[in-house]
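>>> need a structure here:
(one chain, ligands or ions: 1)
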Amino acid sequence: MNNREIFEESKKYIPGGVNSPVRAFNNIGINPPIIKSGNGAILTDEEGKEYIDFVLAWGPMLLGHSDKDVISAMEKQINEGIAFGAATKLELEMAKFISETVDNIEMIRMVNSGTEATMSAIKLARGYTGKRKIIKFAGCYHGHFDGFLIEAGSGVLTNGIPGSLGVPKESIENTLIGIYNDGEQVEGLFEKYGDDIAAIILEPVAGNMGVIKANEEFIIKLRELCDKYGSLLIYDEVMSGFRVAYKGAQSLFNVKPDLVTFAKIMGGGLPCGAYGGRKEIMEKLSPVGGVYQAGTMSGNPVVMAAGYETLKKLHSHPEYYEHINKLGEKLEKGMLDIAKENNIPMVINRVGAMMTVFFTKLEDVKSYDDVKTCDEEMYKKYFLHMLENGFNLPPSQFEAMFLSVVHEEKHIDKFLEAFKSFRYND
Ligand SMILES: Cc1ncc(COP(=O)(O)O)c(C=O)c1O
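Residues are numbered from 1 along each chain as shown. As a prediction, this is how the structure comes out:
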């Protein structure tokens, strides 16, 4: 079966042929390639076509596809047992390692996805503070939990819908929408609802409206407001954790969060998530405290083996981060030079190995409103041009592209060569 046949057949059995909406390429208007294998920086589809991968499973594969050490760690664990539904030493090792190598994590709880991590962190914040409301920012995505599905960034933006059917208004009436990088607006929300705000949740480096880094003053303001009103500050580092730096986006700011959520990279490519923070807050969780959260597969030993190996490897190789930053710099500069030469209106936002190419006439993209000025038709043309030339990019203007430690200069050179023949007005 070729790619098209597999996709058409899949649509008979899986809604839209995919298990997560952005994979369907709806806004691009073509069938997606069906991926058969991944090795290093290369993906191969069912027709044998190769792509240099800049999506990396939407972030997790920082070590590249099929990393040998991660596979060995998983194999070793598989031979000892796949799932126990019981406490293991590996969970202790993983929790201790994260607590010791990432700031502001005294205790951590493993779950199975980023969505589970963020929704559990919100429940914990509500349980800890006794308050109901949360502030999330327009353009930020924290998973598909009902209370987050307004102004929810990429998947929702790309599909042109305001939120989601099936979310009763009662589920979102305690969600307040903040404007990213606008501390005064958030202050206004606190002045009105401050007594009942359990938490602010934000992506300190946003990736789900394209890459936008929060301003330091904005984050400081959020911390002050949380302290003044007794609310918790939650950093959603599902995407930025272990990516923009080993210690995540929180290491780029001088502001402590109360809780941090992780997923993606920390699972080594397997389904995983976690949330952690101060002991006194985390101990509100059952079985110590009264906030109930559980999971048959949480802390699964094979997932822990893959994740622990990944994190140990990243932690013991700080040069990996230098490498991906250097490649990111080369890619950014090279693209900007070509865009200038070819009169392509374009802004690039990059934080380390996470970047977005915005097709806009603006000078800077700093807010969700700026993002909305982008020419999505142009992104689509760029995406198709690069796909044709063998590059796997996010199929949406409102996503981040990623580099892995196994990307090499030659991949960037090829990318730039292909980008040279992209024409804005074709
Ligand atoms: C910042 C952020 N939070 C939460 C999530 C949800 O994670 P998951 O898809 O693992 O449920 C995502 C997914 O992309 C994300 O980028």
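>>> ok, residue 223 touching residue 253?
No - using CB atoms under 8 Å as the test, residue 223 is too far from residue 253 to be in contact (9.2 Å). Yep, even glycine has a C-beta here, placed from its N, CA and C like the rest.
>>> okay, stretch 383-390 in CSV with CA atoms only?
This file holds the C-alpha atoms of stretch 383-390, laid out as CSV (Å, rounded to 0.1, in the frame of the first residue of the first chain):
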residue,chain,number,x,y,z
PHE,A,383,5.8,23.8,3.9
LEU,A,384,4.9,22.1,0.6
HIS,A,385,8.1,23.4,-1.0
MET,A,386,10.2,22.0,1.8
LEU,A,387,8.3,18.7,2.0
GLU,A,388,8.9,18.2,-1.7
ASN,A,389,12.6,18.7,-1.1
GLY,A,390,12.6,16.1,1.7
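>>> Need the residues that contact that stretch.
Identification of contacts with stretch 383-390 by CB atoms under 8 Å, 6 or more residues apart in numbering yields 28, 30, 33, 49-52, 393, 395, 414-415, 418-419, 421-422.
>>> out of those, who's nearest the ligand?
Proximity of the contacts of stretch 383-390 to the ligand (CB to the nearest ligand atom) peaks at residue 395, which lies at 14.0 Å.
>>> who touches the closest one in this structure?
22, 25, 27, 28, 32, 158, 383.
>>> what about the helices in the stretch 51-200 of the chain?
68-80, 89-101, 114-129, 154-158, 169-172, 183-193 (DSSP state H, counting those that start in this stretch).
>>> CSV for the ones you listed, including mean neighbour count?
Formatted as CSV, the helices of the stretch 51-200 of the chain follow (neighbours: other CB atoms under 10 Å):
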stretch, mean neighbour count
helix 68-80, 15
helix 89-101, 16
helix 114-129, 24
helix 154-158, 22
helix 169-172, 12
helix 183-193, 15
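>>> JSON lines please, covering the ones you listed and showing distance to the ligand and mean pLDDT.
As requested, the helices of the stretch 51-200 of the chain are arranged in JSON lines below (distance: least, CB to the nearest ligand atom, whole Å; pLDDT from 0 to 100):
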{"stretch": "helix 68-80", "distance to the ligand": "18", "mean pLDDT": "98"}
{"stretch": "helix 89-101", "distance to the ligand": "17", "mean pLDDT": "98"}
{"stretch": "helix 114-129", "distance to the ligand": "2", "mean pLDDT": "98"}
{"stretch": "helix 154-158", "distance to the ligand": "8", "mean pLDDT": "55"}
{"stretch": "helix 169-172", "distance to the ligand": "17", "mean pLDDT": "87"}
{"stretch": "helix 183-193", "distance to the ligand": "19", "mean pLDDT": "97"}
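>>> Could you dump the ones you listed into JSON lines with distance to residue 305 added?
Output for these, formatted as JSON lines (distance: least, CB to CB, whole Å):
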{"stretch": "helix 68-80", "distance to residue 305": "4"}
{"stretch": "helix 89-101", "distance to residue 305": "6"}
{"stretch": "helix 114-129", "distance to residue 305": "19"}
{"stretch": "helix 154-158", "distance to residue 305": "30"}
{"stretch": "helix 169-172", "distance to residue 305": "36"}
{"stretch": "helix 183-193", "distance to residue 305": "41"}
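>>> mind checking which of these is nearest residue 372?
helix 154-158 (8.6 Å; CB to CB).
>>> pretty sure residue 306 contacts residue 269?
Yes - applying CB under 8 Å, one finds residue 306 in contact with residue 269, separated by 6.4 Å.
>>> any common contacting residues for those two?
residue 70.
>>> ok, back up a step: out of the contacts of residue 395, which two sit at the greatest distance?
Taking CB to CB as the measure, the contacts of residue 395 span a maximum distance of 13.5 Å, between 32 and 158.
>>> from what I can see residue 82 touches residue 303, true?
No - checked against CB under 8 Å, the pair residue 82 and residue 303 is beyond contact range at 10.1 Å.
>>> out of those two, which sits in the busier spot?
Set residue 82 next to residue 303 and count neighbours by other CB atoms under 10 Å: residue 303 wins out with 27 against 11.
>>> low-confidence ranges in the protein?
The chain contains residues with pLDDT under 70 at 152-162, 425-426.
>>> and it, which of its residues are near the ligand?
58, 113-115, 118, 141-143, 203, 207-208, 236, 238-239, 263 (CB under 6 Å from any ligand atom).
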